[in-house]
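Peer 1: Structure for this input, please:
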Amino acid sequence: MSQRARRVVSPLLLVGVVIAATGCGTHAPPPTQTNTAPIQVTVAKPLRQTVRQTTMQPGQIEAFEQTPLFGKVEGYVDQVLCDIGDLVKKDQLLIKLSVPELLDDVAQRQALLAQAEAEVAQAESSVQAFVAAADTAEARIAEAEASIDRAAAEHERWKSEYARISDLAAKGSVTKKLEEETQSQLQAAAASTREATAKVQSARAAFYEAQANVGKSKADLAAAKASLQVAQAELARAKTMATYTEIKAPYDAIVTRRLVDTGHYVTPAAGRDANPLMTVARTDVVRVFVDVPELEAAQVDAGDQAKVRVQAIAGREFDAAVVRTSWSLSEANHALRTEIDIPNVDALLRPGMYATATIALAQREDVLALPLAAIAAGAEASCWVVAGGKAERRPLQLGLRGGGLVEVVSGVDENDDVIQKPSESLRPGQAVRAEAAGK
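Peer 2: Numbering: from 1, shown residues only. A predicted model of the protein is given here:
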């Protein structure tokens, strides 16, 4: 063996000898003893409390109402009387358009209305005149009929007189001339009767004509009144069109957008993509829009209490309530659109701000409750209690959860010492040393 090989092998042999010598005549170390000392746990008895279940969701603040204002008629912007940020009152004039032809149309319709009113007055006068004429004609009929009676009586008298005179003339008691004169009187009386009859017919014809004129004049009056109504409607429409030259605030609001200047030519809005002349928003009350997930949606109702925090306003919480919901869930995110109204008295809340809303979904009062931390991990609900100095696992039937508490329907009572934060290493029957919470 070479000298180099001897230098390598010798230390290895020495190490082997030392190991062998050390192992001979020795015993294995005794096994570690199991620690049976009780572990310390914190316990508390279940208390009767109010458990509130809530949902906390992000939301966004929007104006209670927001209205884009469009022009309805073509024209030029004559005046812009406000700007963004201005507070305006209901019916306050915001933009005035110049449309002279609409004013001319109003003037023309007013003249036509006056003409129609004059025609109605004239038609009413005609009706009155023809009614009077008919009354006169009717009176003349009675007068003519009375003259017939007189003429008939006169004719009968002369007829009788002529018969008597004729008889006397035949006997020679009177002259022939007297007979002829009596005959002439009889003929005159007969002519008077025929004349009276003709007058009656004429009076009746005049009455019928007057009645026809009354009917025609009444029809003319009705037509004139209809024309008057048309003129009134056309004037009202012209005035309505003229009002579109003034764009007014629909309610007390603040101007959020202004897209026109004096002299701009504007046309009526066409389509959804049309740009408004101005946008106003009502902000004395704001809406907080929140989307509640499907699993909690069925528990949200109008009137549910809510608390709203706004990211931009630190340290401030707004008490409010759910005012309305969409009832149906959105197809996009399967969430329930929920609206919370908040009075904005100090104008701190602005549309577009992000917020977080906590909505009270349910509440149970005077129920036995445990902290959520006292519920043991596992597939089934349970907790650990201390009984006789040892840990005991109890199955639980749980109810409402919220605010860090959970309602206990069954499993423990008010006399049990429940371990508040059980360790996963706890085992049934393990010795424990209990210390009351809060000490």
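
Peer 1: Is the spatially most central residue of the chain within a helix or a strand, and which one?
Peer 2: For the chain, the residue nearest the mean C-alpha position is residue 65 (10.9 Å; CA atoms, centre = their mean). Using DSSP states H and E, residue 65 sits in strand 47-69.

Peer 1: Next: residue 197.
Peer 2: Using DSSP H and E, residue 197 falls in helix 176-243.

Peer 1: and that helix, how far from the chain's centre?
Peer 2: Distance, stretch centre to chain centre, for helix 176-243: 61 Å (CA atoms, centre = their mean, to the nearest Å).

Peer 1: Likewise for stretch 126-136?
Peer 2: 58 Å.

Peer 1: mind listing what the residue nearest to the centre of the chain touches?
Peer 2: Listed by CB atoms under 8 Å, 6 or more residues apart in numbering, the contact partners of residue 65 are 251, 253, 281-282. For the C-beta atoms, the positions are set from N, CA and C on the backbone; glycine is no exception.

Peer 1: rewinding a little: mind listing the strands the strand holding residue 65 pairs with, and their directions?
Peer 2: When sheet partners are counted by DSSP bridges, strand 47-69 sits next to strand 278-293 (antiparallel), strand 354-371 (antiparallel).

Peer 1: quick one: which of the ones you listed is nearest residue 332?
Peer 2: strand 278-293 (9.4 Å; CB to CB).

Peer 1: Kindly format the C-alpha coordinates of stretch 121-129 as CSV.
Peer 2: Taking Å, rounded to 0.1, in the frame of the first residue of the first chain, the C-alpha atoms of stretch 121-129 are listed here in CSV:
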residue,chain,number,x,y,z
ALA,A,121,-121.2,87.0,-32.2
GLN,A,122,-122.6,87.7,-35.7
ALA,A,123,-124.2,84.2,-35.9
GLU,A,124,-125.8,84.7,-32.5
SER,A,125,-127.3,88.0,-33.7
SER,A,126,-128.6,86.3,-36.9
VAL,A,127,-130.3,83.6,-34.8
GLN,A,128,-132.0,86.3,-32.6
ALA,A,129,-133.2,88.2,-35.7
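
Peer 1: Flag every buried residue along that stretch.
Peer 2: 123-124, 126-127 (16 or more other CB atoms under 10 Å).

Peer 1: what packs against the longest helix seen in the chain?
Peer 2: Counting residues, the longest helix found in the chain (DSSP state H) is helix 100-171. For helix 100-171, the elements it packs on are helix 176-243, judged by 3 or more CB pairs under 8 Å, 6 or more residues apart in numbering; DSSP states H and E.

Peer 1: Specify the angle between the helix it packs on and helix 100-171 in degrees.
Peer 2: Orientation check (axes from the mean of the first three to the mean of the last three CA atoms, to 10 degrees): helix 176-243 against helix 100-171 gives 170 degrees.

Peer 1: now helix 176-243: mean pLDDT?
Peer 2: Helix 176-243 carries an average pLDDT of 86.

Peer 1: counting contacts, what elements does the next helix or strand along the chain from it pack onto?
Peer 2: Following helix 176-243 in sequence order, the next helix or strand is strand 246-248 (DSSP H and E). For strand 246-248, the packing partners by 3+ CB pairs under 8 Å, 6+ apart come out as strand 93-98.

Peer 1: what's the neighbour count on residue 305?
Peer 2: If you count neighbours by other CB atoms under 10 Å, residue 305 ends up with 16.

Peer 1: Let me know whether it touches residue 321 as I believe.
Peer 2: Yes - between residue 305 and residue 321 a contact is recorded at 5.5 Å, counting by CB atoms under 8 Å.

Peer 1: following the helix or strand bottoming out on mean pLDDT in the chain, which helix or strand comes up?
Peer 2: The least trusted helix or strand in the chain, going by mean pLDDT, DSSP states H and E, turns out to be helix 3-23, with a mean of 34. Using DSSP H and E, the helix or strand that follows helix 3-23 towards the C-terminus is strand 39-44.

Peer 1: what packs against that following strand?
Peer 2: Strand 39-44 packs on strand 382-387, strand 418-419, strand 432-436, going by 3+ CB pairs under 8 Å, 6+ apart.

Peer 1: Lowest average pLDDT across those?
Peer 2: strand 432-436 (a mean of 92).

Peer 1: quick one: contacts of it?
Peer 2: So strand 432-436 is contacted by 38-44, 386, 389-391, 417, 419, 426 (CB under 8 Å, 6+ apart).

Peer 1: related to what we said a few turns ago, including mean pLDDT and distance to residue 70, could the strands paired with strand 47-69 go into a markdown table?
Peer 2: A markdown table is the format used below for those (pLDDT from 0 to 100; distance: least, CB to CB, whole Å):
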| stretch | mean pLDDT | distance to residue 70 |
| --- | --- | --- |
| strand 278-293 | 97 | 9 |
| strand 354-371 | 94 | 30 |
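
Peer 1: Now the strand holding residue 65: buried residues?
Peer 2: For strand 47-69, by 16+ other CB under 10 Å, it's 49, 51-55, 57, 59, 61-64, 67, 69.

Peer 1: for stretch 162-178, same thing?
Peer 2: By neighbour count with 16+ other CB under 10 Å, stretch 162-178 contains the buried residues 162, 165, 169, 174.

Peer 1: do the same with stretch 347-363
Peer 2: Neighbour-count burial for stretch 347-363 [16+ other CB under 10 Å]: 349-351, 353, 355-361, 363.

Peer 1: Same check on stretch 258-267?
Peer 2: The neighbour-count check on stretch 258-267 (16+ other CB under 10 Å) flags 258, 260, 266 as buried.
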